[in-house]
Structure formats: structure tokens, C-alpha cells
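S.K.: Predicted model, plus sequence, below.
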Number of protein chains: 2
Amino acid sequence: MIPTMHDVARVAGVSIKTVSNVINDFPHVRPSTRMRVLSAIEQLGYRPNLSARGLRSGRTGVIGLAVPELRQNYFAELADSIIRAAEKHDLGVLVEQTSGDRDREIAVVTGAGRLRLTDGLLFSPERLGQDDRHLLRPTFPFVLLGERIFGGPTDHVTMHNVSSAKAAVEHLLGIGRRRIALIGAHPDQREEVRPADLRLRGYKAALEAAAIPVDPQLIRAVAPWHRENGAEAMRDLIAAGIPFDGLFALNDTLALGALRALGEAGWRVPDDVAVIGFDDIDEARFSVPSLSSVDPGRDEIAETAVELLVERINERDDERLPPLLVKSEFRIVARESTGFGRSS
Amino acid sequence: MIPTMHDVARVAGVSIKTVSNVINDFPHVRPSTRMRVLSAIEQLGYRPNLSARGLRSGRTGVIGLAVPELRQNYFAELADSIIRAAEKHDLGVLVEQTSGDRDREIAVVTGAGRLRLTDGLLFSPERLGQDDRHLLRPTFPFVLLGERIFGGPTDHVTMHNVSSAKAAVEHLLGIGRRRIALIGAHPDQREEVRPADLRLRGYKAALEAAAIPVDPQLIRAVAPWHRENGAEAMRDLIAAGIPFDGLFALNDTLALGALRALGEAGWRVPDDVAVIGFDDIDEARFSVPSLSSVDPGRDEIAETAVELLVERINERDDERLPPLLVKSEFRIVARESTGFGRSS
DNA sequence: AAGATCGTTTATAACGTTGTATGTTTAGCG
DNA sequence: CGCTAAACATACAACGTTATAAACGATCTT
């Protein structure tokens, strides 16, 4: 039988509340009794029942993380960072996959399903967008990740999409490229607040600042951002016969697909085309050639998000602060695909 | 305030037990009362408190998954598959990372830490080995994954390491390669039950069956199995000037590193060297050239593991079955790196 | 028409923990 | 020494759910 506090109390010859006090590090416990309780715990191999604790205290010590799917590199690395960040706060992470299913995303934000066992939720949408902002109701601690929904009623951690994209293009300009293609624009050309739109805006801003006209032929729509689609967009562009000497792929996965297509077509990177991606996934360090990228500050995003969530969890109802928008610091990582060394 | 069963009962004009009966789909509830209860639930937006349920029933509806780290592709894909499999049983998954830390692996198997809120544990060790078998004590539902510990007292789901590795080498032999190098052997050459040892055994068996002598110079030890190390091993082998026309990398990550080194050295794949890896991670489909590999049956592993765990969870103490060892079916996936088409 | 039987519902007691209020000792001070 | 205040320990009531056993009707037997 699994021992309970009562068993520990009996063995130590104290009341259960004293056991509880020892476990929760309360003051006013005599060192000698503390010792007695600890050794009883040891002897019985007692572990607190977290369901009971959760029921009584209203806290489970677990937060939820909802992402599209872990097989996408970016989300695996994000989950990794978030689990590490949560650990520092002694929180477990229950991972839920929405699999690019709109209904599941809705279920997740409305608090249905498995995630009821959690104290709060980190949510990275893939289908919900700006128009679904009203679905986000801060009825429980909630932090939004990513760049699909802005101005919602909840905390939000994201990246400097526009300025980091601008910096990426400036990096290409800096090595003398002038005809810079972009792959990954959103198929519908409305100017919205989606990563694709924001990064496109950064691209245009950089060109404008350099007094280079934006050539619409160099901008290719791609969705979703899968490797195959990146390769295909690149083949199309090559087939179209439009000259270009630089490529900004709106994420690394697209860039890696593009590298493949360029290789197949016999183009040399970076000699013929310099390529930069976005996200700085681990794989970028190891492709042939290694891929320059924008590191959007994933660890910082993870830590900030967890910290905000913890704050919301600890917040009393009558002292609710207004929702916060936090953007992490980015960094351009120059590698072989833009003519820099193999390092880092 | 969050509504409870009492609120639902009051609104529906029934007792809380009736509400419970409706929620748990118990028989003997009159359709009319069921309806009344359901609409009260709807109206109040009631959701059961899972901590309370967990306390009362002894089940949390969550299982734990402990892996080294999600940033390693293989584990991200494994976690993905496991979360999907768990979903079918209506179970959530709490993911814990052991980060290649032996003490953390021990903490996990001895049931310390965050994972107390779970009904059972799936564990994929990276540091614990055959000698730590005694640490696995089936005091709670537990299923072991991977190939580091055999013959322990718990259920175990793994792959056909030897025969699938043999099949991989036979694939290379089948396209006429005779000098087949292997990278990823374990640095200490004891014959143990680790993936490296088992796959090496398969390699030797294949050569033996083809009456080709094993050349120790062609077997390179690599640890850990990271891309950089795969590339380095390949550079060493090339520098050593030993001729070879085939390469079996003990996992895909090594293989991808090797592809890079081969490319740098100007070797053509598959013309000069045919390459096959192991694991069939998603990325293998998209490398240049695409990578042939062994699909060890990850989805099957995930589903089997979850099913075994569920059985153990439901098992009564007095009807414990002996531990089971299950191996999933494998499949050779032929791609460009061994001269096959681009497809799948 | 009285008892037995079935389907349906309910009061009440757990589950193992923490918070509150209250009791008991020990130390501090005049 | 006696009194007060602090330090320490305890009993008991929650938290929200499910399980047990018993009560209630209605229908069926005899």
C-alpha cells in the first residue's frame, strides 16, 4: 500500500499537520521534530499525493503547452526550451498537439479536454488568426505564443518579426546582393499580422531603405512552410528565368528545401545565390552548406512565456494587470550560405 | 466562480451522484433526467475538476514520458507518436527531459519528481544501461523503451536492431557494394546490448552471410551520435585513404553528418559511396541526396508502448502478468543515397 | 392485494492533502 | 517566580469528486 501522511505521522509520532508543515517548509518546526518526520518519510518512502494536494490547494504544478506538432522542428525545440524553463519553476509540462486542426485549437483555448489538469496554458496557434481573437478569454492563466493573433486580451510573447526580417535582408545587402528573392509569402496578399506578412514587411522595408525597387516577381507565395514546398518554389523561380543573387526564406525549413532545389539545379550557394532563413533551428548548423538564419531568441521566448504564465497563476483576481506584449531579442547568425565560416 | 457538481445538481434539481452518473455514462439514468443534467452542465459551463477525480479514483488520466531531449529529432518524433497514441486512450502526456543526466534518469525511474501526477511512465533511457537493471522496479505501471536495458522486470518495447541492421547492409550489398564502412560503433568494444552493439552485430552478420571479411579499419567508433561527429568520422575515414563504396551509419543523424563530409570532399553519393542510415527521421526524406534508411516502426512502437502501459494501469495487483518484450516490424526505405528514386 | 423485483435516485462517507482556529509548551521579562 | 508572548503542535473542516449502500417508486408475481 502506498503510504500517506497519516502513516508518516504515526511513525514519527506527530500529527499529520506537522508532517505537512515539514514538507512545505513552514517555520516554527523544531529541528528535532523535523528530523523525526524526515526520517519517517525516508523510511516509508512517502511521496505526497499530488491529486490531493491539487484538490486542496487549487494548484496542480503542471502547465499545458499546445503546439501544432512536435515533428516540426521548430516546435520540438520550442517545447524543449519551455520544459526547461518550466523546470526552474518546478512545473511539469503537459504537451498537447493540435495537428493543424482548427477545432482542436478552439477546444484548447476554451479550456476543454485534457488540459483541465493544468494551472495554465501556453498556446501556439497555427489555424486560429486575428479574427478569432474573441475566442481568447482570459478565464484561466493563459499566454499566447507566435505571431498569428495580436491585440488579444491575454499576455503574448513573440518576436521582432519586422525588424529581424529587415536585418536579415540587410545582411544579404551587406554582402553585395541586390536581386533578393523571397519565398514563403502568404498566398492571399492581404496585409495581416501573420508571420509571413510581418516578415514580408521587413523585407520591403530593407529594400526601400537601400533604394532598391521591390520586384513582385521575386516574391513567391508558399504555404504551408514545408521543405518540399520550399524546394518547389525555388524550382519555379529558377524555371521562370528571373535573375536573382540572394534569397530570404521566411523560415529555415523552406530555406533547406530551397538549398536542395538550388543544388539540383547546379546553382552554387553562396557564390550564385546567398541564402538566409529564419528560426535558426539546430539543423541550420549542419546543412550543406550551413544555413545563415535569424535566431529569434527561442530560449528567451520560452523563459519569458513561462514567467508571465507563473505570474498570472499567482495573480489575485482583484489585482489583474492588463495584458502584456513581449518581444524577444533577435540575432543574425551568419553561416556558409551567406559566405561566412562554418563556426557556430 | 468555477461551477462544481453541486451547482449542476442544484440547477438540474437532482443529487450530485446523479450528475456524476450522467458524466460517467452509468446505466439506469432516465433519459429525461440525463437531458436535464446535460443542459445544466451546458448552461453553467461545468467541467469536472480532474484533481478531485484523480484523488477519488486514483487515476489522473495522464501518463509520463521521459526522454533525453526533444531537440533530438528522433525523440521529438517519438513523443509526437506517443502523444497521438495516448490520445486514443484519452490520456494526456507529461513530458520530462532527462538531458542525458544519469541522476535524473534514476530520479525518473524511482518515481521521484514531477511525475507523481501520472498513472504510469514510458521511459527511454540514454544513460542507464544493462547494469542498472535492478533500478527498474515495477512498483508503478512502467514501460521501457529503447535498447539499452534488456531482461529487466518491466515491459519493454523495442526494435529488431540486429535483423534490421542486417537488412540495411544487405540493401547495400544488393546494389553491388562490397567495401562497406560503418560509423557509430561504440567506443568501448565490449559486446553489450546497446543499439550500437546490436546494429554492429547485424552488420557483421550480413557480411558474413555474403562471405565478405569484416575489415576493422572500416568500422569507426563515434559517440555521441551527433551530426558533427558523423561528419568527423567520415573525414577521418576519407583521410585514412581506405577505399570503400558503401556506408552504413548507425543512425540518420550520423548519416546526415557523413553526407556533408562526403560532399565537402567531393565524393558523389550514391555513385562513389552509397549511404544508408537508421531511424528514418522526417529529415531523411529531404536531405541532398535524400537518405535511405531503416524505418524501425516508430508509430508501432508508440502504440504498443501506450497499450501495454494502459494494460498495466488497469491490471489488478493479484493478476500481474510477467513482463513482456515486444519488437516492432521494420522496413528498409530506399532513397537517392542508395540509388533509388526521390519518392517517399 | 401483499410481496418481490427491477430500475432509478439519493444521502453519506470516503480519497489525502492544506488552512483555520485553538491548544500547549517554552522562553523572555519584570 | 509569575505573567506574557512567542514558538510549536494539534484537531477538525474543507477541497470536488466517486463508491457504497440504502431508499424510493413502479411494475410484475402469486
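M.R.: Received it, and whenever you're ready, just let me know what you need. Numbering: from 1, shown residues only, chains lettered A, B, ... in the order given.
S.K.: Please name the nearest non-neighbouring residue to residue A:77.
M.R.: Spatially, and ignoring its direct neighbours in sequence, residue A:77 is nearest to residue B:71 (5.2 Å; CB to CB, 6 or more residues apart in numbering or on different chains). All C-beta spots, glycine's among them, are computed from the backbone N, C-alpha and C.
S.K.: Tell me the pLDDT of the one you found.
M.R.: The model reports residue B:71 with a pLDDT of 92.
S.K.: Quick one: low-confidence residue ranges for the stretch 1-150 of chain A.
M.R.: Residue ranges of the stretch 1-150 of chain A with pLDDT under 70: A:112-115.
S.K.: can I see the domain layout of chain A?
M.R.: Domain segmentation of chain A under automatic domain parsing yields A:5-48, A:62-159+A:297-328, A:161-295.
S.K.: Pop out the phi and psi values for residue A:36.
M.R.: phi -60, psi -40 (degrees, to the nearest 10).
S.K.: what number of residues lie near the closest residue to DNA strand D within the stretch 151-300 of chain A?
M.R.: Of all residues in the stretch 151-300 of chain A, residue A:154 sits closest to DNA strand D, at 23.6 Å by CB to the nearest atom of the strand. For residue A:154, the neighbour count with other CB atoms under 10 Å in any protein chain shown is 21.
S.K.: can you tell me which residues contact it?
M.R.: Applying CB atoms under 8 Å, 6 or more residues apart in numbering or on different chains to residue A:154 gives the contacts A:136, A:138, A:142-144, A:323.
S.K.: same check, this time on residue A:194
M.R.: For residue A:194, the contact set (CB under 8 Å, 6+ apart) comprises A:129-130, A:147-148, A:186.
S.K.: repeat for residue A:254
M.R.: Counted by CB under 8 Å, 6+ apart, residue A:254 has contacts A:183-184, A:222, A:225-227, A:229-230, A:233, A:277.
S.K.: rewinding a little: buried members of the contacts of residue A:194 into ChimeraX, please.
M.R.: Buried members of the contacts of residue A:194, defined by 16 or more other CB atoms under 10 Å in any protein chain shown, are picked up in ChimeraX with:
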select /A:147,148,186
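S.K.: So which residues of the stretch 1-150 of chain A form helices?
M.R.: A:5-12, A:16-23, A:31-44, A:50-57, A:73-88, A:102-109 (DSSP state H, counting those that start in this stretch).
S.K.: among those helices, which is the most enclosed?
M.R.: The highest average neighbour count among the helices of the stretch 1-150 of chain A, using mean count of other CB atoms under 10 Å in any protein chain shown, belongs to helix A:73-88 at a mean of 22.
S.K.: Could you check the angle that helix makes with helix B:73-88?
M.R.: In terms of direction (axes from the mean of the first three to the mean of the last three CA atoms, to 10 degrees), helix A:73-88 departs from helix B:73-88 by 80 degrees.
S.K.: got a list of contacts for helix A:73-88?
M.R.: Residues outside helix A:73-88 that contact it (CB under 8 Å, 6+ apart): A:63, A:65, A:67-70, A:92-93, A:95, A:122, A:124, A:145, A:251-253, A:279, A:281-283, A:298-299, A:301-303, A:305-307, B:69-71, B:73, B:76, B:79, B:95-97.
S.K.: Could I get the full set of strands for chain A?
M.R.: Secondary structure of chain A (DSSP state E): strands at A:62-67, A:92-97, A:121-123, A:142-145, A:155-159, A:180-185, A:219-221, A:246-249, A:274-276, A:293-295, A:325-328, A:331-333.
S.K.: For the fifth one, which strands pair with it and how are they oriented?
M.R.: Sheet pairing of strand A:155-159 (DSSP bridges) gives strand A:142-145 (parallel), strand A:325-328 (parallel).
S.K.: how near is the residue positioned nearest the centre of chain A to DNA strand C?
M.R.: The residue lying closest to the centre of chain A (CA atoms, centre = their mean) is residue A:78, at 4.4 Å. To DNA strand C, residue A:78 is 32 Å away according to CB to the nearest atom of the strand, to the nearest Å.
S.K.: Likewise for residue A:42?
M.R.: In terms of CB to the nearest atom of the strand, residue A:42 sits 15 Å off from DNA strand C.
S.K.: could you list every residue that touches that residue?
M.R.: Neighbours of residue A:42 in contact, by CB under 8 Å, 6+ apart: none.
S.K.: Save the domains of chain A as CSV, and put in distance to residue B:257 too.
M.R.: As requested, these are exported to CSV (distance: least, CB to CB, whole Å):
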stretch, distance to residue B:257
domain A:5-48, 42
domain A:62-159+A:297-328, 17
domain A:161-295, 7
